[in-house]
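Participant: Got a sequence here, can you build the structure:
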Amino acid sequence: MIVVAGCVGSDPDPAVTTEPAVGESTTTTAPTTPVGSAITPSTPAYLPPFIDHVAWTQTEQGPSLQVFPTESGRNTQGTGDLNASWAEVVGLDPTADTPGMRDQYACHWRFARIVDPDKTSWNLEPWRPVVTESEMISTRCNPGGAEESIP
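Facilitator: So this is what the prediction gives:
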């Protein structure tokens, strides 16, 4: 609403109005997403759980923890989802909580799921060495030996 006040005569100026003209709309609409939000109506929301289950198996190289992601785990783009999904793995098998296994998992989360999105499981081995991030990436998340063959 526009209000005009002043000391000039008591006759209102017919050119100044506080009412909308006929056919003029005064409706305002708030944005459907917060300003700066990365979520758009066409962006699906991938929510936890990110991990369906885990299972230990024995390979020629040694034991391997198979991590089976859910559809959300394969597709989420959330920046905090790595830590949340790792907490799910550890919740399913607390023995997984070692630096080397966590580093292998982080590599799979950040890279392998993008490079090979249909891989059935992400396999983590406790016998693999702890290495730098660049070595982890250059060995395709499998430092200390080739990727295991799961029977």
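
Participant: CA only for contacts and neighbour counts going forward, please
Facilitator: OK.

Participant: Show me what stretch 118-133 is in contact with.
Facilitator: Stretch 118-133 is contacted from outside by 62-69, 96, 98-101, 103-105, 108, 113, 142-145, using CA atoms under 8 Å, 6 or more residues apart in numbering.

Participant: go on, stretch 90-109?
Facilitator: 53-54, 65, 82, 86, 89, 122, 124-126, 128-131, 133, 136-137, 140-142.

Participant: could you flag which of those are buried?
Facilitator: 54, 65, 82, 86, 89, 122, 124-126, 128-130, 136-137, 140-142 (16 or more other CA atoms under 10 Å).

Participant: Quick one: list the elements packing against the least confident helix or strand in the chain by mean pLDDT.
Facilitator: Ranking every helix and strand in the chain by mean pLDDT, DSSP states H and E puts helix 113-115 at the bottom, with a mean of 89. Counting contacts by 3 or more CA pairs under 8 Å, 6 or more residues apart in numbering; DSSP states H and E, helix 113-115 is packed against no other helix or strand.

Participant: Could you list the alpha-carbon positions for the one helix or strand Ala87 maps to in PDB?
Facilitator: Assigned by DSSP states H and E, Ala87 belongs to helix 81-92. Provided in PDB are the C-alpha atoms of helix 81-92 (Å, rounded to 0.1, in the frame of the first residue of the first chain):
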ATOM      1  CA  ASP A  81      26.700 -38.200   3.200                       C
ATOM      2  CA  LEU A  82      30.200 -39.800   3.200                       C
ATOM      3  CA  ASN A  83      30.400 -39.700   7.000                       C
ATOM      4  CA  ALA A  84      26.800 -40.700   7.500                       C
ATOM      5  CA  SER A  85      27.200 -43.700   5.200                       C
ATOM      6  CA  TRP A  86      30.400 -44.800   6.900                       C
ATOM      7  CA  ALA A  87      28.700 -44.600  10.200                       C
ATOM      8  CA  GLU A  88      26.100 -47.000   8.800                       C
ATOM      9  CA  VAL A  89      28.900 -49.400   7.700                       C
ATOM     10  CA  VAL A  90      30.400 -49.300  11.200                       C
ATOM     11  CA  GLY A  91      27.000 -49.700  12.800                       C
ATOM     12  CA  LEU A  92      26.500 -52.900  10.700                       C
END
